[in-house]
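Engineer: Sequence first, predicted model second:
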Amino acid sequence: MNPEFGRFSRWMEGKGPDSDIVLSARVRLARNLRQLPFPHRLDEGQAETTLARLQETFAALEEGWHLRFHRLAEVAPLDRQVLVEKHLISPQLVQEPVRFQAVAIDPGESISIMINEEDHLRIQVVLPALSLNEAWQVADRLDDALEEHLDFAFDARWGYLTACPTNLGTGMRASVMVHLPGLVLTRQVAQVFTTLSQVGMVARGLYGEGTDALGNIFQISNQVSLGLSEEEFLHNLAVVAQQIVGSERHARQHLRQEAGIRLADRVARAYGILTHAKILTSEEALRLLSEVKLGADLGIVPAPSRASFAQLAVLTQPGFLQLRAGRALSPLERDELRARLIREQLVGEAA
Amino acid sequence: MAENPGAGGALTLCQRCHQRPATVQVATVVNGEKRERRLCEECAREEGAFHLVLTPVFTVQNLLGGLVGQGVGPLRPVWGDRRCGYCGYPFQRFAETGRLGCDRCYEAFADQLEPLIRRIQGRSSHHGKVPRRGERQLLRRRELEQLRAELRGAVEREEFERAAELRDRIRALEEEARQVGAGGEGA
């Protein structure tokens, strides 16, 4: 296990405008090398050559990017899981076998480039709060820097060519991670998401495609990648995100007015459990943390003294816990450690 | 994150061996009559003819495949053996998985992809970032086209001095393109 992976990423600090609701902003660019089969079609020789070539490219990048290249085959399975839990890589990248997959990460863990996932390169930049433009600027510069060394598959009509035509054009998927307990509690979330799909956006659960919205955390992203400029796509997403923030605030106000005591009771119970429980599953922890976060945002219960909500959410993940413990843990041991860590973070010491 | 993702609903047993769970739907057409059965992969492989693999997950890839089929139901081998001339990827695989084989597949299957791309993306032309290197190539190509047109005009008008000048510039540009494109000159 590599303790280096056990730190928190910069985006989890939870600072910035509307950061009580918008946890992070992410921009991902899909890029492929010209005249080379896409990753799923590479034979072993080609895959090894491509991986070696990309590793050299990253080593040759100008100073200042500070990217560390990790071949996943050389990363322990538990560490891979932690990278997924921290959203630095996708669950797809670590699907066995992982012989030709790699990731390059910067020390602040704002930048991660996945190698040989669905596309040859997936450049990802994650920043706290609604910093979509800032994330795009970093991704754009890194893309330029890589292009000094690599010839990307590009077509004047269709833009950047990707393994799946759903990413064609800009190759860009931008997303915001939002915490929407108010909209969930007032049962408006489904309606909001149906509306999203009508304007070319899509909402997913915490860990992307096909995952549940645990802890009332959702990712909202552009579904279309062709036909507009990157700036236009980002602008549209930012506008939608602002509207969702507005609806969430409205829902919270409504809850407070219409269900004040019941809401207070609910978050206080959640707080009570988290500060006293001896055993917590990851699901229960995330659910209760979401309620406590809502309560803290509304001033009903104290905010966690040290860690942000995002840090706590990651801390409760099975891989992360084991990395912190420095060894593999049984499910019961994990639940116990999870409960202890959350207690410590919420009240400052073991209760 | 849930520690083990749910496996899904109840399983149907294979209609051939009645032992293993059915994961594949096999459609056979005999004398114009379509017959569909659910088999396990082993039995399907033994029978040697399956047309549609049913995966339990509803994915973008599967959806794309369906879109290419334009609602004709289970995918029929209407694509014949159409393949990308560069990487040999069969279009049939795209219809099944939603993934292409290489960047040149876009060119090879352009007629099939064009309406599909329009449908999933809503538009069919790129308005975003252009790679710097690509931009240079594009500009060079455009300049070359223009120079060649000028050259034709100059020759027609018998302006031979002008034509010689143009021919030298065209050669220089072509040489430049050859050097830059040594890693791979495209369309």
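Structural biologist: Perfect, thanks for sending it. Treat the numbers as computed from the prediction; the structure is a model and nothing was measured.
Engineer: from here on, contacts and neighbour counts on C-alpha atoms
Structural biologist: Noted.
Engineer: What residues does the residue lying closest to residue A:117 once chain neighbours are set aside make contact with?
Structural biologist: Using Cα to Cα, 6 or more residues apart in numbering or on different chains and skipping residues adjacent in sequence, the residue nearest residue A:117 is residue A:93, 5.2 Å away. By Cα atoms under 8 Å, 6 or more residues apart in numbering or on different chains, the contact list for residue A:93 reads A:101, A:114, A:116-117.
Engineer: just residue A:313 next, same as before
Structural biologist: Per Cα under 8 Å, 6+ apart, neighbours of residue A:313: A:286, A:289.
Engineer: Check which helix or strand it maps to.
Structural biologist: helix A:309-315 (DSSP states H and E).
Engineer: And residue A:24, by the same measure?
Structural biologist: Assigned by DSSP H and E, residue A:24 falls in strand A:22-31.
Engineer: helix or strand right after that strand?
Structural biologist: By DSSP H and E, the next helix or strand past strand A:22-31 is helix A:44-60.
Engineer: Identify each buried residue in that following helix, please.
Structural biologist: A:47, A:50-51, A:54-55, A:57-58 (16 or more other Cα atoms under 10 Å in any protein chain shown).
Engineer: what subset of those residues is also close to chain B?
Structural biologist: Taking Cα under 8 Å from any Cα of the partner chain as the test, chain B is in contact with none of those.
Engineer: and those residues as TSV, adding pLDDT?
Structural biologist: Formatted as TSV, those follow (pLDDT from 0 to 100):
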residue	pLDDT
A:47	91
A:50	92
A:51	92
A:54	92
A:55	92
A:57	91
A:58	90
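Engineer: need the strands for the stretch 101-250 of chain A, in chain order.
Structural biologist: If DSSP state E, counting those that start in this stretch is used as the criterion, the strands of the stretch 101-250 of chain A fall at A:102-105, A:111-115, A:121-128, A:154-155, A:159-160, A:172-179, A:201-204, A:217-222.
Engineer: Residue A:294: which of the ones you listed is closest?
Structural biologist: strand A:172-179 (8.9 Å; Cα to Cα).
Engineer: residues in contact with the closest one?
Structural biologist: Here strand A:172-179 has contacts from A:20-30, A:130, A:132, A:167, A:206, A:215-223, A:225, A:230, A:234, A:237, A:241, A:290, using Cα under 8 Å, 6+ apart.
Engineer: And these, which of them are buried?
Structural biologist: Going by neighbour count (16+ other Cα under 10 Å), those have A:20-30, A:130, A:132, A:167, A:206, A:215-223, A:225, A:230, A:234, A:237, A:241, A:290 buried.
Engineer: got a list of what the nearest residue to residue A:200 once chain neighbours are set aside touches?
Structural biologist: Spatially, and ignoring its direct neighbours in sequence, residue A:200 is nearest to residue A:223 (5.4 Å; Cα to Cα, 6+ apart). For residue A:223, the contacting residues are A:166, A:173, A:200-202, by Cα under 8 Å, 6+ apart.
Engineer: go again using 6 Å as the cut-off
Structural biologist: Counting by Cα atoms under 6 Å, 6 or more residues apart in numbering or on different chains, residue A:223 touches A:200-202.
Engineer: what pLDDT does it get?
Structural biologist: According to the per-residue confidence, residue A:223 scores 86 in pLDDT.
Engineer: distance of it from residue A:203?
Structural biologist: Distance, residue A:223 to residue A:203, by Cα to Cα, to the nearest Å: 9 Å.
Engineer: shared neighbours of these two, anything?
Structural biologist: Counting by Cα under 6 Å, 6+ apart, nothing touches both residue A:223 and residue A:203.
Engineer: Going by neighbour count, which residues in the top helix by length along chain B are buried?
Structural biologist: The longest helix of chain B (DSSP state H) is helix B:132-156. Residues B:133-134, B:137, B:140, B:144, B:147-148, B:150-151, B:154 are the ones in helix B:132-156 that count as buried (16+ other Cα under 10 Å).
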